[in-house]
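[1] Dropping the sequence and predicted coords here.
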Amino acid sequence: MRIHIIDAFTDQPFAGNPAGVCLLESADWPDEAWMQRVAAELNFSETAFALPSGPDWAIRWFAPLAETNLCGHATLATAHVLRTARGIDGEVRFHSRRSGVLVAHIAADGITLDFPAAPGTETPIPAGLADALGVRPERTLRTGALGDLLTVLPDEAAVRAVSTDDAALAELTRREGLRGVIVTALAEGSGYDFVSRFFSPAEGIFEDPTTGSAHTALAPYWSERLGRDGLVGLQVSARTGVVRTEVRGDRVLLTGNAVTVVDGELHV
């Protein structure tokens with residue numbers, strides 16, 4: 001089968017977030033252990049597997065260590081492959097086992113994902129979080145089914161200064177039943193509304209370059225604070241990535257670009 005490596009939420013190669021994409025031709029899913037081994041071999045934050053389901057597509061996402069509930073950048077990467085390899089434009093519906101139906105709108109100037117919003121609920125700052133991040137949070141919020149801890153820092157400089165103790169953060173996320181930790185603050189420069197970073201060491205993702213799913217929590221939080229539905233987020237990882245967000249009721253639209261880096265064959 002063909003395997004594609006796509007940089008998502010960027011219009012430049014070697015930026016944004018790399019994802020593996022496998023378009024399957026079978027009528028059913030391959031063995032889960034095989035998909036997990038492929039994801040571990042690629043060793044990206046996520047690898048997406050998609051197979052035809054009538055006029056739609058079924059989709060699953062695997063991190064190096066486990067299957068995940070929701071992944072924005074690998075979904076955007078899959079939509080990009082459907083456009084470039086299959087000539088598909090317009091609306092594509094993805095059926096996921098753990099997050100329901102997800103819709104992608106494929107256009108020449110970008111791909112927009114329609115995802116469920118994950119508004120946060122205030123929660124006490126977990127013990128050990130400041131030490132695990134190397135900075136002191138202002139507040140923390142739980143994001144419900146998304147499973148992340150939205151952690152608000154004083155300013156953009158503090159977000160950029162985060163230096164994690166990976167072992168301590170992995171232990172904290174396991175103890176608290178979290179997928180990962182989002183850190184965020186208001187953007188200080190022009191062109192962006194907020195900045196963020198994302199860490200999920202217990203899933204083998206020490207820092208994710210650009211995390212679409214995290215923006216389903218970031219968008220409602222910052223839209224409420226700033227009083228605007230449409231915002232632009234900059235994920236300030238080493239690779240950086242840009243996610244345009246729009247809150248629509250209980251949904252969040254995530255818009256970005258993608259670039260094909262590798263198009264090859266999988267021989268196992």
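    Happy to help now that I have it.
[2] residue boundaries of the helices in the chain?
    32-42, 72-86, 129-133, 156-161, 166-176, 215-226 (DSSP state H).
[3] Just name the most buried of these.
    Each of these was scored by mean neighbour count; the highest is helix 72-86, a mean of 25, by mean count of other Cβ atoms under 10 Å. All C-beta atoms are positioned from the backbone trio N, CA, C, and that covers glycine.
[4] Give me the distance between that helix and the centre of its chain.
    14 Å (Cα atoms, centre = their mean, to the nearest Å).
[5] ok and that helix relative to helix 215-226, angle-wise?
    120 degrees (axes from the mean of the first three to the mean of the last three Cα atoms, to 10 degrees).
[6] now helix 72-86: mean pLDDT?
    The pLDDT scores in helix 72-86 average 96.
[7] about what we covered before: just send the helices of the chain back as JSON lines, with distance to A50 too.
    Listed next are those as JSON lines, based on distance: least, Cβ to Cβ, whole Å:
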{"stretch": "helix 32-42", "distance to A50": "11"}
{"stretch": "helix 72-86", "distance to A50": "5"}
{"stretch": "helix 129-133", "distance to A50": "35"}
{"stretch": "helix 156-161", "distance to A50": "33"}
{"stretch": "helix 166-176", "distance to A50": "28"}
{"stretch": "helix 215-226", "distance to A50": "20"}
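[8] Out of these, the one nearest P201 is which?
    Smallest distance to P201 across the helices of the chain (Cβ to Cβ): 3.9 Å, for helix 166-176.
[9] what's the distance between the residue lying closest to P220 once chain neighbours are set aside and H105?
    Leaving aside its chain neighbours, P220 sits nearest to P119 (4.3 Å; criterion: Cβ to Cβ, 6 or more residues apart in numbering). Separation of P119 from H105 (Cβ to Cβ, to the nearest Å) stands at 23 Å.
[10] swap in R97?
    Here R97 is placed at a distance of 22 Å from H105 (Cβ to Cβ).
[11] more crowded one of those two?
    Neighbour totals were compared for R97 and H105, and H105 leads with 16 against 12 (other Cβ atoms under 10 Å).
[12] Isn't the more buried one up against D114?
    Yes: with contact defined as Cβ atoms under 8 Å, H105 and D114 form a contacting pair (7.4 Å).
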